[in-house]
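# No letters, just coordinates:
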DNA sequence: CATTTCACCTGGTGGC
DNA sequence: TGCCACCAGGTGAAAT
């Protein structure tokens, strides 16, 4: 479901809750699709691992794990109750953190409809729950994904297998590097924005919204977009993505963060899913076409 | 090689 | 109410 702002929101939420916790037990369902790494190897790698940090790369959520020198965990000694405000004591302090290096990673891609939820074990298990990770604190991390386009992957860093998104991060890329991405490419600019090997994290919503704000038609050929327009596009992307993160992402249908809370950026969409409605700037009806196999929304007057 | 299309899934919506 | 077509935030394999 999610693009960069939604994935960032979820990764931050999960990190805040379970950083410093430990994976005590893993349950996976029988559907094979989500498991990029075989289910058994994945379970073996995860069980017992300490969660050092959770962060986002492109549209992927990366769990940094330490399976060998497991993190000191106050729950195991029974010194702490899992639900209290004392949870913060779980986080390794700076001195401890320095000593702990991740030796493996768990990579979660949410596909179209995936969710990661931190729950209590008693909370009812939603349909299409494919993974339940019982944590040492007693809570659970659940992966729910009706359409099963999401993927789970385990990487052993001792085999030099670190995860890296192929594309550049749209929030940090410089103007020259950004312009270079599109040089000599004849595909539609919209298709180029969706290509994760060029930019990592832009999906259908933010491609349409950024093209609107940069006043570029989605069907322009990437190599025919001028440098000035590309500069506008880069800034529009950065601004929109940053703003959307601040609002907790776009909740188009059922997107929720790790707490089950909805985002608010959908209220500010100018073109996405607004077919036939008046453009917020010029009142011209928004049009929908199909580009790169995806519904594509634009203002025929504002975007050239 | 670059680019486009299609298959993979379930669920919600709106027309008849 | 039921049935059907169409739509949906993603990606990678196959075809062109």
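Here it is on my side, so go on. Not measured: the values here are computed from a predicted model.
# how close does residue A:65 sit to residue A:223?
Counting by C-beta to C-beta, to the nearest Å, the gap between residue A:65 and residue A:223 amounts to 42 Å. Where you see a C-beta, it was placed from the backbone N, CA and C, and this is true even at glycine.
# So for those two, which residue has more residues nearby?
Legend: neighbour count by other C-beta atoms under 10 Å for residue A:65 and residue A:223, higher for residue A:65 (28 against 13).
# any weak-confidence spans in chain A?
For chain A, applying pLDDT under 70 flags the ranges A:1, A:69-99, A:254.
# one more time with 90
A:1, A:67-100, A:160-161, A:165-166, A:250-262 (pLDDT under 90).
# pull the longest helix from it.
Longest helix in chain A by number of residues (criterion: DSSP state H): helix A:227-246.
# other SSEs contacting that helix?
Packing contacts for helix A:227-246, counted by 3 or more C-beta pairs under 8 Å, 6 or more residues apart in numbering; DSSP states H and E, involve helix A:4-18, helix A:175-182, helix A:204-213.
# any idea how far that helix is from the chain center?
Between the centre of helix A:227-246 and the centre of its host chain there is 18 Å, according to C-alpha atoms, centre = their mean, to the nearest Å.
# Tell me the buried residues in it?
A:229-230, A:232-234, A:236-238, A:240-241, A:244-245 (16 or more other C-beta atoms under 10 Å).
# repeat for stretch A:184-200
For stretch A:184-200, using 16+ other C-beta under 10 Å, the buried residues are A:185, A:188-196, A:198-200.
# any chance of these in TSV, plus secondary structure and distance to residue A:50?
Output for the buried residues of stretch A:184-200, formatted as TSV (DSSP: H, G, I helix; E, B strand; the rest coil; distance: C-beta to C-beta, whole Å):
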residue	secondary structure	distance to residue A:50
A:185	coil	43
A:188	strand	45
A:189	helix	44
A:190	helix	42
A:191	helix	41
A:192	helix	40
A:193	helix	37
A:194	helix	36
A:195	coil	36
A:196	coil	30
A:198	coil	35
A:199	strand	33
A:200	coil	27
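# What about DNA strand C: which of these touch it?
Filtering the buried residues of stretch A:184-200 for proximity to DNA strand C by C-beta under 7 Å from any atom of the strand leaves A:194, A:196.
# Now for the buried residues of stretch A:184-200: which two are most distant?
A:188 and A:200 (18.9 Å; C-beta to C-beta).
# Next, the residue of chain A at minimum distance from DNA strand C: phi, psi?
Going by C-beta to the nearest atom of the strand, DNA strand C is nearest to residue A:203 of chain A, at 1.9 Å. Here is the backbone geometry of residue A:203 (degrees, to the nearest 10): phi -120, psi -160.
# so who does the closest residue to it other than its chain neighbours touch?
Of all residues not flanking residue A:203 in the chain, residue A:3 sits nearest, at 3.5 Å (C-beta to C-beta, 6 or more residues apart in numbering). Contact analysis of residue A:3 by C-beta atoms under 8 Å, 6 or more residues apart in numbering lists A:59, A:201-206, A:249-250.
# which one of the residues you listed has the most neighbours?
Neighbour max across the contacts of residue A:3 (other C-beta under 10 Å) = residue A:249, 28 neighbours.
# unless I'm mixing things up, it is touching residue A:257, no?
Yes. Using C-beta atoms under 8 Å, residue A:249 is in contact with residue A:257, at 7.3 Å.
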